[in-house]
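**Q** Sequence and predicted structure are below.
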Amino acid sequence: MPVPLTSGRLQWTDVPLPLRARLEDALGAPVTDTVTPAGGFGHQLAAALRLVSGRRVFVKAAPDDDSLTASNIHEAAVLEALPPGVPAPELLGIHHAAGWTAVVIAHLDGPHPDLSPASADAGQIWALLEELTSSPAPAPYAAAVSTTPSTAAALHGWDELLADPPVGLAPATRARLPQLAELEAAWPALAHGDRIVHGDLRADNMVRDHDRGVTFVDWAHATIGPACIDAASLAPQLILAGHAPADIAGLLHEHPNTASNPDTTTAFLAALTGHWHRNARKPAPPGAPGLRSYQHRAAAAGLGLLGYRLS
Ligand SMILES: Nc1ncnc2c1ncn2[C@@H]1O[C@H](COP(=O)(O)OP(=O)(O)OP(=O)(O)O)[C@@H](O)[C@H]1O
Ligand SMILES: [Mg+2]
């Protein structure tokens, strides 16, 4: 799948000198080179740093008054609490200086996975999701995510579209607005569960590391909830990558994460698709030029999947 281009991200040289010095001190060597990977829509620093020793680390950094710093601190707590065997990079440290915070994470080496039907990556990801949710989240993980409200549980959009239907809404979608809003309204009550949830699974939030295989990154939205959330989030991404919607709808009916909980899966898909549909119509936020067109395409993929699940 073409990964949305990164644009407008802060660069290493935008980070205040005291924090850069603190990081180089902690890492034990000067930074000689930085690479900002393609992918994602955020504006913060998210870069691979190469040290004079040749070692690489991955760093995310933002000013403390930027809401992304709270997300990065949440992600750091999650990375530290994830049990062994979860496909995630290790947390290497958190550093504060000059009113900024940087989170240092083990560097993964490789491309984003290929979610297209031609690749075996999607099959590996389904298997990883089954494994990730095969048992309840351990207590340290539950504690780490307990202080941050679940963004997955808060997803919605059809309610606002129903209250004020936008001009240009496809007639078939307009006709379904009451049903979609009702499904979405059921979601918050169904959003509870005891499994690890990554909460933002897209190709650009995974790296196919040369040694570890597909590894999930960007755990900023991690939470605890039903096993279906990540599997149902992955489904529209696979359609965007070229899979036939009917095939993916069939997979959702069969995969253990979603088959055991069809009503929860449908309610979540409705809330996620509503979120995309509503947000796609908003003005583009600064520094994220590809976001709205991605949301348009994702909303269409989600709605296509819902078509197979609604009578
Ligand atoms: N540990 C890592 N090693 C190597 N590359 C990584 C690592 N973590 C993330 N990346 C790459 O950097 C990009 C940005 O990282 P990440 O998604 O964590 O940042 P973000 O600012 O939270 O992104 P978003 O824009 O999705 O909110 C990812 O799309 C991925 O390509
Ligand atoms: Mg990301």
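**A** Good, I have the coordinates. Numbers count the residues shown, from 1 in each chain. Ligands and ions are numbered 1, 2, ... in the order given.
**Q** so which strand or helix has R22?
**A** Assigned by DSSP states H and E, R22 belongs to helix 17-27.
**Q** can you pull the buried residues of that helix?
**A** 19-20, 22-23, 27 (16 or more other Cβ atoms under 10 Å). No exception for glycine: its C-beta is placed from N, CA and C like everyone else's.
**Q** so what strands line up beside the following helix or strand past it?
**A** Sequence-wise, the next helix or strand downstream of helix 17-27 (DSSP H and E) is strand 31-35. Strand pairing for strand 31-35, determined by DSSP bridges: strand 45-51 (antiparallel).
**Q** pLDDT averaged over the following helix or strand past the partner strand, what's the number?
**A** Downstream of strand 45-51, the next assigned helix or strand under DSSP H and E is strand 56-63. Averaged across strand 56-63, pLDDT comes to 98.
**Q** So the next helix-or-strand element following strand 56-63, near ligand 2 or not?
**A** Next helix or strand after strand 56-63 toward the C-terminus (DSSP H and E): helix 67-81. No: if you take Cβ under 5 Å from the ion as the test, helix 67-81 misses ligand 2, and the best it gets is 10.0 Å.
**Q** got a list of what the residue nearest the centre of the chain touches?
**A** Nearest to the mean C-alpha position of the chain, by Cα atoms, centre = their mean, lies D200 at 1.9 Å. By Cβ atoms under 8 Å, 6 or more residues apart in numbering, the contact list for D200 reads 218, 220-221, 233.
**Q** what's around H221, how many residues?
**A** 21 (other Cβ atoms under 10 Å).
**Q** Okay, it and ligand 1: tell me how far apart.
**A** Distance from H221 to ligand 1, counting by Cβ to the nearest ligand atom, to the nearest Å: 9 Å.
**Q** any low-confidence regions in the chain?
**A** Residue ranges of the chain with pLDDT under 70: 1-7.
**Q** Let's see that with 90 instead.
**A** 1-9, 38-43, 168, 285-290, 311 (pLDDT under 90).
**Q** Does stretch 23-40 reach ligand 1?
**A** Yes: with Cβ under 6 Å from any ligand atom as the criterion, ligand 1 is reached by stretch 23-40 at 37, 39-40.
**Q** before we move on, back to that, and the helix holding R22, what does it pack against?
**A** strand 31-35, strand 45-51, strand 56-63, strand 91-97, strand 100-106 (3 or more Cβ pairs under 8 Å, 6 or more residues apart in numbering; DSSP states H and E).
**Q** could you pull out the strands for the stretch 201-311 of the chain?
**A** 206-209, 213-216, 223-225 (DSSP state E, counting those that start in this stretch).
**Q** Pick the most buried one from those strands.
**A** strand 223-225 (a mean of 25; mean count of other Cβ atoms under 10 Å).
**Q** closest one to ligand 2 among the helices and strands packed on helix 17-27?
**A** Nearest to ligand 2 among the helices and strands packed on helix 17-27 is strand 45-51 (7.3 Å), distances taken as Cβ to the ion.
**Q** List the contacts of the closest one.
**A** The contact list for strand 45-51, computed with Cβ under 8 Å, 6+ apart, reads 9-12, 14-15, 23, 27-37, 40, 56-62, 102, 107.
**Q** overlap between those and the residues near ligand 2?
**A** Contacts with ligand 2 within the contacts of strand 45-51, counted by Cβ under 5 Å from the ion: G40.
**Q** Quick check: PyMOL command selecting the buried ones in the contacts of strand 45-51.
**A** Entered in PyMOL, the line below selects the buried ones among the contacts of strand 45-51, by 16+ other Cβ under 10 Å:
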select buried, resi 9+10+12+15+23+27+31+34+36+37+40+56+57+58+59+60+61+62+102+107
